[in-house]
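Colleague: my questions are about this predicted structure, shown below with the sequence.
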Amino acid sequence: MVAAQAATRDAAVIVSGVSRSFGSVRALSDATLTVGKGEKLGLVGHNGAGKSTLMNVLSGVLRPDAGTIRVGTEVYSQVTPAQLHRLGIRCVFQELSLCPNLTAVENTLVRQGKLGRWGWRKRARGLIAASLDRIFPGHGIDIGRPVGELDIAQRQMVEIAEAFAGRPSDIRLVILDEPTSSLDARVADQLMAFLDIASRDGIATILISHRLNEILSFTERVVVMVDGRIVGDVATADLTRPALVGMMGHLEAAGPESTVAARAETSAEIVLRVEGGEDSLRLVLRKGEVVGLAGLDGHGQRHTLQQIFDAAARGQAGLAKGSAAYVAGDRQTEGVFPVWSVSENATVRALRDVSRYGVIDLAREREIASRWFRRIGVRTAGPDARIGTLSGGNQQKILFARALASSAPLILLDDPMRGVDVGTKSEVYALIRAEAQAGRSFVWYSTETEELGNCDRVYVFREGRIVAVLEADEVTEESILRASFADRPEPRIALEAAYV
Ligand SMILES: Nc1ncnc2c1ncn2[C@@H]1O[C@H](COP(=O)(O)OP(=O)(O)OP(=O)(O)O)[C@@H](O)[C@H]1O
């Protein structure tokens, strides 16, 4: 395909003919790529296309089977992560890589290595605090807390700040794998504005993202991967969204992702009501409806979902016991069972359906799993593959299959499309609508504004309260931000909900 490679003399890094296989899966095939000094490069492709594998080779985490990496004047066929860190190549991993029992400050020491024997804590604190303040002004993160106690968006911010900590002249290239997948629009914008500054400082970035609008707005050049190969390399100015989706392969060239128009019957029975006091805005969910939760991340949306889930798990507040299934976006801490197979992960919520007299019927387990994998388009080597061998987006799809394969009438979605590719997303949106039409009800928290257009109604949260209700056609980034920052008296809502 077209080659719009950066000029070699200004190259920060040159990857030549790199391949990597996992057993029979050829994850990366003869990849060749030049990243220019200070360049903002986008890397896109369907789930399992090989993007993370390329990044892992570039960061020294994976050894390539063939090919070389050139950094400055040196050519390497194999490098260690420590070597690459010294050469100024840093990564922000999709499955965040911070040690959860250490604080952000201690993690900085682990990353940076040499901070001296004495006073390292103060130096590490200074580095991470400065980096967080520079990229995410007003972040409010306590860098002295163990990282495992931070929510997923905060962990993502710390991971990003770690990668950019230090003098710009020491950093050559930062690869960011889905860095905004848990960030709300405001924080994602802060990051994008910072990437411009980094670029002016001579730091090159590779942005891997399924948020194609982000790729089109913030990069200079886009590289497209399909099935382990680089199939396109185009200046962003010459691209449109449909053209980009088309280049990503046999995925439908969808327009904007919010394509699900059907509306639920307004007279359908109410299945859930989250009540406040007088004058407060309440959340009402009817059978067959899809309602969205929006607003800046961390303003009570996730907490509300968890309260509903807990009430359903205990059979309280009018909800039948076990009537809700939860799809977590934070798959690392709340989602997958890492040493289980993909079918075990998918059917764990439907154990009653796949067992007889307390014994799991393996054939039935595989049958249910395979059916849902086909519906959701999971790419896996087979139902017995370990879930950890799947690409991030495919792992996320398994969590979806788990919830939908259960018989729960109420599905709670906690920003569930993290890292899912654009083609699959539109299929999953249609699937959600089909399940809603069949009588299931959905409460869907999303940090992606576009996605909320799929909902019948959207509730905007601010400081633990619902401050606005938007109809689907009123949902825009601007209307959500306006409600999120509205300077007016707010109705009080008690999220210790009363359910019907
Ligand atoms: N450790 C592993 N063992 C076996 N197969 C693997 C392993 N890591 C990756 N793969 C396979 O390699 C292929 C490429 O995966 P990769 O994670 O690079 O995709 P990706 O483009 O980053 O996808 P996503 O958008 O979902 O993150 C997939 O088929 C995946 O299942």
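Modeller: Noted; the coordinates are in hand. In this text, all values refer to a predicted model and were calculated from it rather than measured experimentally. Numbering: from 1, shown residues only.

Colleague: next up, phi/psi of the closest residue to the ligand within the stretch 401-500 of the chain, please.
Modeller: Residue nearest to the ligand within the stretch 401-500 of the chain: G419 (5.3 Å; C-beta to the nearest ligand atom). Bear in mind the C-beta positions are built from the backbone N, C-alpha and C, glycine included. With angles defined as degrees, to the nearest 10, G419 sits at phi 80, psi 10.

Colleague: what score does it have for pLDDT?
Modeller: pLDDT recorded at G419 is 74.

Colleague: tell me who's in contact with it.
Modeller: G419 sits next to 47, 94, 178, 181, 210, 392-393, 396 when contact means C-beta atoms under 8 Å, 6 or more residues apart in numbering.

Colleague: ok, and which of the residues you listed reach the ligand?
Modeller: Cross-checking the contacts of G419 against the ligand (C-beta under 6 Å from any ligand atom) gives 47, 94, 392-393 as the overlapping residues.

Colleague: most neighbours among the residues you listed, which one is it?
Modeller: Neighbours were tallied for each of the ones next to the ligand among the contacts of G419 (criterion: other C-beta atoms under 10 Å), and the maximum of 26 neighbours falls on G393.

Colleague: can I assume that one is in contact with A49?
Modeller: No. Counting by C-beta atoms under 8 Å, G393 does not reach A49; the two are 9.4 Å apart.

Colleague: where does T219 fall, phi/psi-wise?
Modeller: phi -110, psi 170.

Colleague: excluding chain neighbours, what is closest to it?
Modeller: In space, and not counting its chain neighbours, T219 is closest to G42: 3.6 Å by C-beta to C-beta, 6 or more residues apart in numbering.

Colleague: repeat that for G72.
Modeller: Closest residue in space to G72, ignoring its immediate chain neighbours: L87 at 7.3 Å, by C-beta to C-beta, 6+ apart.

Colleague: neighbours around the one you found, how many?
Modeller: Each residue near L87 was counted by other C-beta under 10 Å, and the total is 21.

Colleague: just G318 next, same as before
Modeller: Every residue meeting other C-beta under 10 Å relative to G318 is counted, giving 15.

Colleague: then A438?
Modeller: A total of 9 residues lie near A438 under the criterion other C-beta under 10 Å.

Colleague: again with the one 5 residues further on
Modeller: Around V443 sit 28 other residues, with neighbours defined as other C-beta under 10 Å.

Colleague: start to end distance for stretch 86-97?
Modeller: The distance separating the two terminal residues of stretch 86-97, taken as C-alpha to C-alpha, to the nearest Å, comes to 18 Å.

Colleague: use 613 as the first number from now on
Modeller: Okay, using 613 as the starting number, the last item reads as stretch 698-709.

Colleague: which residues touch it?
Modeller: If you take C-beta under 8 Å, 6+ apart as the criterion, stretch 698-709 is touched by 625, 664, 667, 670-673, 683-684, 686, 691, 764, 767-768, 771-772, 775-776, 782-791, 793, 820, 944, 1004, 1031.

Colleague: returning to what we had before: would you mind giving the contacts of G1031 as a markdown table with pLDDT and secondary structure added?
Modeller: As requested, the contacts of G1031 are arranged in a markdown table below (pLDDT from 0 to 100; DSSP: H, G, I helix; E, B strand; the rest coil):
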| residue | pLDDT | secondary structure |
| --- | --- | --- |
| N659 | 82 | coil |
| Q706 | 71 | coil |
| E790 | 88 | coil |
| S793 | 81 | coil |
| H822 | 85 | coil |
| G1004 | 73 | helix |
| G1005 | 75 | helix |
| Q1008 | 77 | helix |
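
Colleague: taking the residues you listed, tell me the two that lie furthest apart.
Modeller: N659 and S793 (12.6 Å; C-beta to C-beta).

Colleague: now what about stretch 796-808, what contacts it?
Modeller: Outside stretch 796-808, the residues that touch it by C-beta under 8 Å, 6+ apart are 652, 746-749, 765, 769, 772, 776, 791-792, 795, 817, 819, 823, 826, 829-830, 907-909, 1059, 1061, 1089, 1092-1093, 1096.

Colleague: let's see that with 7 Å instead.
Modeller: Applying C-beta atoms under 7 Å, 6 or more residues apart in numbering, the external contacts of stretch 796-808 come out as 652, 746-749, 765, 769, 772, 791-792, 795, 817, 826, 830, 908-909, 1059, 1061, 1089, 1093.

Colleague: any buried residues in that stretch, and which?
Modeller: Using 16 or more other C-beta atoms under 10 Å as the burial criterion, the residues of stretch 796-808 that qualify are 796-804, 806-807.

Colleague: kindly report the same for stretch 698-710.
Modeller: Of all the residues in stretch 698-710, those buried under the rule 16+ other C-beta under 10 Å are 699-706, 708-710.

Colleague: re earlier: looking at the contacts of stretch 796-808, which are in helices?
Modeller: 746-747, 765, 769, 772, 826, 830, 1061, 1089, 1093 (DSSP state H).

Colleague: helices or strands next to the helix or strand that contains V717 in the packing?
Modeller: When elements are assigned from DSSP states H and E, V717 belongs to helix 716-724. Packing partners of helix 716-724 (3 or more C-beta pairs under 7 Å, 6 or more residues apart in numbering; DSSP states H and E): helix 732-747, helix 764-775.

Colleague: adding distance to the ligand and mean neighbour count, write those out as a markdown table.
Modeller: Shown next, in a markdown table, are the helices and strands packed on helix 716-724 (distance: least, C-beta to the nearest ligand atom, whole Å; neighbours: other C-beta atoms under 10 Å):
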| stretch | distance to the ligand | mean neighbour count |
| --- | --- | --- |
| helix 732-747 | 23 | 18 |
| helix 764-775 | 15 | 25 |
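
Colleague: for those, give me JSON lines that also has distance to A1050.
Modeller: Converted to JSON lines, the helices and strands packed on helix 716-724 look like this (distance: least, C-beta to C-beta, whole Å):
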{"stretch": "helix 732-747", "distance to A1050": "44"}
{"stretch": "helix 764-775", "distance to A1050": "31"}
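
Colleague: count the residues that sit near D1085.
Modeller: For D1085, the tally of surrounding residues (other C-beta under 10 Å) stands at 8.

Colleague: next one, pLDDT for the residue nearest to it when sequence neighbours are not counted please.
Modeller: Ranked by C-beta to C-beta, 6+ apart and with sequence neighbours excluded, the top spatial neighbour of D1085 is G1065, at 7.9 Å. The predicted local distance difference test score for G1065 is 86.

Colleague: ok, G1065 to E1083 distance?
Modeller: Distance, G1065 to E1083, by C-beta to C-beta, to the nearest Å: 10 Å.

Colleague: equivalent analysis for K933, please.
Modeller: Counting by C-beta to C-beta, the gap from K933 to E1083 is 33 Å.

Colleague: using the three-state scheme, assign Q1007.
Modeller: Secondary structure, DSSP: H, G, I helix; E, B strand; the rest coil: Q1007 is helix.

Colleague: bridging residues for A937?
Modeller: In this structure, A937 has beta-bridge partners I1023, where bridges are defined by DSSP bridges.

Colleague: contact partners of stretch 749-764?
Modeller: For stretch 749-764, the external contacting residues (C-beta under 7 Å, 6+ apart) are 710-717, 719, 737, 740-741, 744, 766-767, 769-770, 794, 802, 910, 941-942.

Colleague: for the stretch 713-862 of the chain, which residues are neighbours of the ligand?
Modeller: Within the stretch 713-862 of the chain, not a single residue sits near the ligand (C-beta under 6 Å from any ligand atom).

Colleague: what bits of the stretch 713-862 of the chain have low per-residue confidence?
Modeller: 725-732, 862 (pLDDT under 70).

Colleague: rerun at 80
Modeller: 716-717, 719-734, 861-862 (pLDDT under 80).

Colleague: re the thing from before, show me the buried residues of stretch 796-808 that map onto helices.
Modeller: Counted as lying in helices by DSSP H, out of the buried residues of stretch 796-808, are 797-804, 806-807.
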